[in-house]
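Novice: got a predicted structure plus its sequence, pasted below:
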Amino acid sequence: MIRKTRQHITQNEPLLFERSSPGKKGYQLPPLDVPEIDPAAVLGAGKTRSAIEDFPEVSEVEAIRHFTRLSTWNYAIDLGLYPLGSCTMKYNPRVNELVARTEGLAWAHPYQPESLAQGAMAIIAELERALAEITGMDAVTLQPSAGAHGELTGILLIRALLESRGNPRKRILIPDSAHGTNPATAAIAGYAVENIKSNDRGMTDVEALERVLDDDVAALMITNPNTVGVFEENITRITQLMHSKGALVYMDGANMNALVGISRPGEFGIDVMHLNLHKTFSTPHGGGGPGSGAVAVKKHLEPFLPSPRLQRADGQWTWNYDVPETIGRVRAFYGNFGVLVRALAYIMAHGGDGLRRATMDALLNANYIRKLIEPHYEIAYQAPSMHECVFSDDRQAKHGVRTGDIAKRLIDYGFHPYTVSFPLIVHGALMIEPTETEGKGELDLFADALISIAKEIEEKPEFVLKAPYLTRTGRVDEVTAARRPILRWRPSPPAKAAD
Amino acid sequence: MIRKTRQHITQNEPLLFERSSPGKKGYQLPPLDVPEIDPAAVLGAGKTRSAIEDFPEVSEVEAIRHFTRLSTWNYAIDLGLYPLGSCTMKYNPRVNELVARTEGLAWAHPYQPESLAQGAMAIIAELERALAEITGMDAVTLQPSAGAHGELTGILLIRALLESRGNPRKRILIPDSAHGTNPATAAIAGYAVENIKSNDRGMTDVEALERVLDDDVAALMITNPNTVGVFEENITRITQLMHSKGALVYMDGANMNALVGISRPGEFGIDVMHLNLHKTFSTPHGGGGPGSGAVAVKKHLEPFLPSPRLQRADGQWTWNYDVPETIGRVRAFYGNFGVLVRALAYIMAHGGDGLRRATMDALLNANYIRKLIEPHYEIAYQAPSMHECVFSDDRQAKHGVRTGDIAKRLIDYGFHPYTVSFPLIVHGALMIEPTETEGKGELDLFADALISIAKEIEEKPEFVLKAPYLTRTGRVDEVTAARRPILRWRPSPPAKAAD
Amino acid sequence: MLDTLGIARLEDLFAHLPPEVLSSRPLAIDPGKSEYEIVDYFRARGDENANGYASFLGAGAYAHYRPVLVDTVVSRGEFLTSYTPYQAEIAQGTLTSIFEFQTMICQLTGMDAANASMYDGSSAAPEAAMMAARITGRHRALISRTAHPEYREVLTTYARHQGMKVEEFGYDQDAGSIDMADLEKKLDDRTAAVIVQSPNFFGIVEDVEQAAELAHRRGALLVVMFTEAVALGVLEPPRGADIVAGELQSFAHPPSYGGPYAGILATRDKFIRQLPGRLVGETKDSRGNRAFCLTLSTREQHIRREKATSNICTNQALIALMATVFMTVYGKEGLRELAVQNLSKAHYLAGQAPLRFSGPFFNEFVVSTNGRTPDEINEVLLRKKIIGGLPLARYYPELKNAMLVCCTEMNRREHMDQVAGAFR
Amino acid sequence: MLDTLGIARLEDLFAHLPPEVLSSRPLAIDPGKSEYEIVDYFRARGDENANGYASFLGAGAYAHYRPVLVDTVVSRGEFLTSYTPYQAEIAQGTLTSIFEFQTMICQLTGMDAANASMYDGSSAAPEAAMMAARITGRHRALISRTAHPEYREVLTTYARHQGMKVEEFGYDQDAGSIDMADLEKKLDDRTAAVIVQSPNFFGIVEDVEQAAELAHRRGALLVVMFTEAVALGVLEPPRGADIVAGELQSFAHPPSYGGPYAGILATRDKFIRQLPGRLVGETKDSRGNRAFCLTLSTREQHIRREKATSNICTNQALIALMATVFMTVYGKEGLRELAVQNLSKAHYLAGQAPLRFSGPFFNEFVVSTNGRTPDEINEVLLRKKIIGGLPLARYYPELKNAMLVCCTEMNRREHMDQVAGAFR
Ligand SMILES: Cc1ncc(COP(=O)(O)O)c(C=O)c1O
Ligand SMILES: Cc1ncc(COP(=O)(O)O)c(C=O)c1O
């Protein structure tokens, strides 16, 4: 029984280009206080355009309605539980949006004199300190723009260190449960990828690891807790093993929200790791980004960090561009500063105890969901869950219903689905991460929904296959989209009617 | 055919009190930097409460979800046309919200030293000047909080003037088309109300007026354009007539958006009028308010304006509390300052020409709608429409469908209904005010919807009677609500399930 | 569109107006400005006001921290750009939140019903008096001199022409609270309402129950006003009152140079048909689901016209919504903790100041400036970027060497210590 | 909930962790702070930065007015707090806006397809180079020294370990634009990509078509970068390019001390399967209505893993949405007018300054500081609360007596005149 939703009227809205009509405008510029220059005159006629063809022309009210109407077609954390596994869709405190817009911060130019940027630099320093403390590492760079970017930075650091020792080596070992960015990153950093299979507890198979470990192995990229939500119990042994072969250990810290305040990777042998500040430290995901992929390292990797490095000199913060062994920049300027502000605000709001408490609540919520659902869905691994729990659709698949179908039906029940079909080692995975910001009420409704769907699948599987029913858009045909890609609007066919 | 809407899933949400659970909190206060005082100790035990019984307890995420979910059940200008006649639901530029939150303005205390409030006072002065210019009047008070409050201020001014002349008189004449606030106001100001009937062109019947006009009449309260959207063609004659008997003319300026830049009431004999700044000058209506009811007067009424009066002395703005003939205050402090800021921002954005242009666009839109709908609905009066057009449901009533039913069916078509059943002189009125901020596209869809409903009424009237169909809430039973009023939540029955 | 109308120019739309009503000249208003210039203009004005000052002003307008959620909620177009919820089927968001607002106001005030808002506290007072007059059929109001002076002025303005006599009763010169003897003396059988404010203008918590007893003994109603809503977090609700009229500015609206704020009126069940203003009630929809709608509108001007309970139409809904969010964020515990912080801060500073009155106070108190004028003290403070207390001479000639000082959770100890220094 | 799980304390939830991995001590992080304190902290930091200064800095980060609508839209929880639109049925809002974004980027750049965003302009550059390498099967990139120095550094970092050689070609010392002869000389048959920036780092508009011709003649692809998106309002789109890589910060994001910004990659139809990043495509839903969804995901890391076109996952969607709103508000006419204002302001100031280069420029230009160092001039300006140009010595040793100056629509004539004065 669907208890959480009802259907309501929503506005249709055409594309901007269909809404557009010549001469409409939604802007006004101040009068120009200098003589107007004719672009063609100073740039050369051939170098200027007369108009941006088919660019939209709408009034201010049309613009706000356009985007407001569009927005009502979205689901979001502000509307309810968003249990996308591995994505850590926790509540995003609104004060963070406010502080990121603080005049002196938002309008700080990256090249303004350091004497006039001390506030921004102090924020960066403070966040570096807090993240080092949380991870138990020695130094932090905030330059990377997202998790994958942090991975690349980290692997380049490893490469630089190994190169400085004489041999960058050739291979990187990656458990088969890893997120796709891990192998993709290793490849960009010029390494061959070797997959390590997981054992039947969902953990890295230490024997398998030992078997392939040789002097050509540069590093292991391990996610801990890993993507099945399980803490790698042998992590200390693994890191020792790697180190004993002169290899390093990279930790994908995307799941650090399961460890903050409880366990420090720096204390179990990790050499370098990234943090997804937008996940663990709650930057709004904004329909896909931005994020920040801070990288934390042990002392031996510090000399190689991207330049410039923030340092204190003569009682002032200053950017040091003289980093002889640096891997170089991974992006212009200093990082996604606005995201850093939000992350620091989040850390300040929680404090040390609050962060630990948030971690425990995340564990509690994941385990609570697991407990309620386990009678109805097949848990992927018996090992204890940390911040997320992963099921397989084995039981439901017998009725012809797959994880993707269950996900669509969950929409009717008023929830954003879990992560579908990841990690790859779980057949038909349902990867559920409730995060710590959910209350019991929402979790109970979610479990009820999944249980109810399990019943529906037994009773009328074909019904579930056609879900969702309650959305303004029915099941979307992704196959056709990929077969003949239409990636932009074109004016050719006579303008369509409003839809 | 409904082209503008589709149904989509929306979240249910219980009342805060049902969502509440003990110990949850969504706030944190800074640590107290002084010794904590026990209230009972300093106030006396009997004077303090131990807890606010049944007051809600929710987390921050529950709070934001609560209000976000609720908001999705509303229609609003940001979603589409909102043609509530007489309410002037025009687009509310968002820059106005920004400037009203300017630190030095939003946090200005009404009693801070005048030397530290010059910016706020300059805004008030500038707006007073602009409104005097727009209305053609001599002085303006910004103290009244809304239109009805302005009416009261205006009638008290009239009374004060007449009293100063020796006789406050007894009656106020009000055309029967007037808004309910007019008679209600006159009564509060201690006057008897005498209705003047309208003629068959929807205008004040000058003969009828002359018949009742005697030395006991203090004033006429006239709305121009009036509530059927018609300009009172005989306004000059009317004002002369009133003046010839020593009576005054109050103009309800709620419809001033039909005149700004075109016609100045001060130039056609009006003595005193109010402006609904929230209508004509576009303050967001916020679910019912706040507004501001600026009152503009001719010289002879100026001495009576509410105190304090803003004036310039020694190159500084100052509040003058020494207004010997004042009617007194109509509220604490100086008025709805935040609304004044928005109104001035609106005026600045438009400029003189832009204001005139907005007026003409308002006229254009109303007349365009009228033209499209007139073949299908009975226009109330043949006289030319200004900023709104009023129809009656005469033709539809023959099929048993009334204006209120048509309104409900309009909802399914994706529109907020027009004003229903007002003005009272039109039987089953449909009072439509599109405002100037609508584009042709939205107006066409609206006309199409009304025409389509007219057809539905001919073909299947009973269908229309049960509308709306597409909303999460079906037709609401207002009769029961009034019969046994439940005006607050009470804990008595065991908490209801989520709905 | 011009074609559809068969006209050539926009000007033709008002060609039917009599020529003598047309404007004699174009508007003398500067050409339209860009967003950028407008933002700049208002910033410049804001910069001409006090900026970066610590302030100890209260007196009906209080500086309390505004939780960020407040603007998050009220900025949603669905709340911001909708109007009075006439069409319940597409206004359940607004209606539900008003129902919650009404409930929370009842919980805070101990009343049975509250309306959806009045313009502000000062106009709620005369509305309460008029309501009392309708209920009792009497036409005399007694108001305490400890009520906000500007509220009293507003009452006088409103009452003057309704045949309602307004008289004031005094205060105890030591305690700073109602002079009960004076009240008792002035009460008679024509008195419709006794109006008191608690905490009063001096910050002092009045003995509401005693005032109630005196009023009721003579068949008058008791109206209790408040300007500082935060006090409700610790104060026993005025259970003896028949009508509560208050100002909610403290609940999430910045002082904003005096407005817009939001007033409330709350009362007992038996008087609801005399309440002015909009009311939301619970009902069901055609499918049997719980729903809310505007109700009892036969009290209102659009139906009852000159016989309406009030002329109010547009109210302060968005400010009331801000208050609703504020009350939700703080909740049961928070509102109390907030009140305790206010109380504690005020008592900390008051403990270092020569107090004019001995009565129990919440977050405001009157300081004797002894030898000096309040302005002299404030001058000293202004130089330290502190705005001191409100000199009382304008409102109370007998208190010309006194100022009203307010402390909220936003005042810091360091500034309080500086103010205390100035009092010495 | 603990009961349901059969545990007594929250700590039991991680009792299974090996003891040696547990933290050796509690976090040394201050106790949690209230909203009020947090807002205060960041204000204090903001106040330590430049405040109230006029600035003439550009160089990849531009101060343009942000229409208020931008924050209005992106503050809506439905956009702000959703993620990558994996579930199309409840993400049509995001998907539709991305489709519009992709279209507008194509319209601006003259390309056929654009992705949903990259991290920023600087990381879009190496992604473009890698893409060119995949398409051509070659492993050498030539980049102009007139490209942003930090972008070039990023390219070097990325390329180093992919067997991609990066070489630079020079610029004409008079014109400040590409030295075409040098480019031609360095081009060979192993060159995958020629990478130019226009307007270049000096603000000068490059001859993109000539570069295209040279590149194509040797079978290389031309990558055109831009840092100042506003220039696209007047510049002919780089039709000769095979890939356009740019930075959209100018479109509604404040400089924000360097990030988050949003990069774009656009290309021709034939190369779309080599594009990295998310792509939204048009399709239909089960009821036959137009719908949008993520598409061509077999290019991406979550499917293709080590063979993916890129490792990018999280992108800069919200910044891209800001840009979408910005482009919508300005629209066809506005973007051009905005560009003309920028051009006009820059030329006004440049007309009073000793220019280092003679090439045609948009809103940035290099000024020779002649006898003095750039720092000396900037010192003078700082005293007037003006932040002058960027000294170029760090990036171009040969330009140590030169600074890069930028003017946007936000710079006022009075400040420009003061800067002009300082150049004299
Ligand atoms: C386990 C894991 N690793 C890495 C990433 C990549 O992080 P990002 O998306 O910030 O690049 C993700 C994100 O989805 C992840 O879940
Ligand atoms: C014609 C007319 N007069 C007066 C008013 C009262 O104005 P307000 O609602 O601001 O009190 C209204 C508002 O609805 C109106 O339409």
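Specialist: Sure, I can see it. Ligands and ions are numbered 1, 2, ... in the order given.
Novice: alpha carbons only for contacts and neighbour counts from here, please
Specialist: Will do.
Novice: does whichever strand or helix holds residue C:124 come close to ligand 2?
Specialist: If you go by DSSP states H and E, residue C:124 is part of helix C:121-136. No: judged by C-alpha under 6 Å from any ligand atom, helix C:121-136 makes no contact with ligand 2; its nearest approach is 13.3 Å.
Novice: end to end, how far does stretch A:277-285 reach?
Specialist: One end of stretch A:277-285 to the other measures 11 Å (C-alpha to C-alpha, to the nearest Å).
Novice: OK, contacts around the closest residue to ligand 1 within chain C?
Specialist: Of all residues in chain C, the one sitting closest to ligand 1 is residue C:72 (26.4 Å; C-alpha to the nearest ligand atom). Residue C:72 makes contact with residue A:94 under the criterion C-alpha atoms under 8 Å, 6 or more residues apart in numbering or on different chains.
Novice: same for the helix holding residue C:124, what does it pack against?
Specialist: Under the contact definition 3 or more C-alpha pairs under 8 Å, 6 or more residues apart in numbering or on different chains; DSSP states H and E, helix C:121-136 sits against helix C:149-159, strand C:191-197, strand C:221-226, strand C:243-247, strand C:263-267.
Novice: so which bits of that helix are buried?
Specialist: For helix C:121-136, burial by neighbour count (16 or more other C-alpha atoms under 10 Å in any protein chain shown) applies to C:121-133, C:135-136.
Novice: quick one: the residue of chain C closest to ligand 1 is in a helix?
Specialist: Yes: according to DSSP: H, G, I helix; E, B strand; the rest coil, residue C:72 belongs to a helix.
Novice: closest to ligand 2 out of the helices and strands packed on helix C:121-136?
Specialist: strand C:263-267 (14.8 Å).
Novice: roughly how far is the closest one from the heart of the chain?
Specialist: Centroid separation for strand C:263-267 versus its chain: 10 Å, with C-alpha atoms, centre = their mean, to the nearest Å.
Novice: longest helix in chain A, please.
Specialist: Longest helix of chain A, by residue count under DSSP state H: helix A:337-373.
Novice: tell me the strands beside the next helix or strand after it, with direction?
Specialist: Per DSSP H and E, the first helix or strand lying C-terminal to helix A:337-373 is strand A:378-379. Strand pairing for strand A:378-379, determined by DSSP bridges: strand A:389-392 (antiparallel).
Novice: elements contacting the next helix or strand along the chain from the partner strand?
Specialist: Where DSSP H and E defines the elements, the next helix or strand beyond strand A:389-392 is helix A:394-397. In terms of contacts (3+ C-alpha pairs under 8 Å, 6+ apart), helix A:394-397 is packed against helix A:440-459.
Novice: any buried residues in the helix it packs on, and which?
Specialist: Across helix A:440-459, burial judged by 16+ other C-alpha under 10 Å covers A:442-443, A:445-454, A:456-457.
Novice: pull the helix or strand with minimum mean pLDDT from chain C.
Specialist: Within chain C, no helix or strand scores below helix C:301-304, which has a mean of 87 by mean pLDDT, DSSP states H and E.
Novice: helix, strand or coil for the closest residue to residue C:17 other than its chain neighbours?
Specialist: Using C-alpha to C-alpha, 6 or more residues apart in numbering or on different chains and skipping the chain neighbours, the partner closest in space to residue C:17 is residue B:233 (6.7 Å). With three-state DSSP as the basis, residue B:233 sits in coil.
Novice: what about residue B:233, neighbour count?
Specialist: Using other C-alpha atoms under 10 Å in any protein chain shown, residue B:233 is surrounded by 16 other residues.
Novice: ok, now residue C:190?
Specialist: 17.
Novice: what sits against it?
Specialist: Residue C:190 makes contact with C:138, C:139, C:140 under the criterion C-alpha under 8 Å, 6+ apart.
Novice: now do it, the pLDDT please.
Specialist: Looking at residue C:190, its pLDDT stands at 97.
Novice: among the helices and strands packed on helix C:121-136, which is nearest residue B:489?
Specialist: Shortest distance between residue B:489 and the helices and strands packed on helix C:121-136, using C-alpha to C-alpha, is found for strand C:263-267: 14.5 Å.
Novice: helix or strand for the closest residue to chain D within the stretch 301-424 of chain C, which one?
Specialist: Residue nearest to chain D within the stretch 301-424 of chain C: residue C:410 (8.7 Å; C-alpha to the nearest C-alpha). Secondary structure from DSSP H and E places residue C:410 outside every helix and strand.
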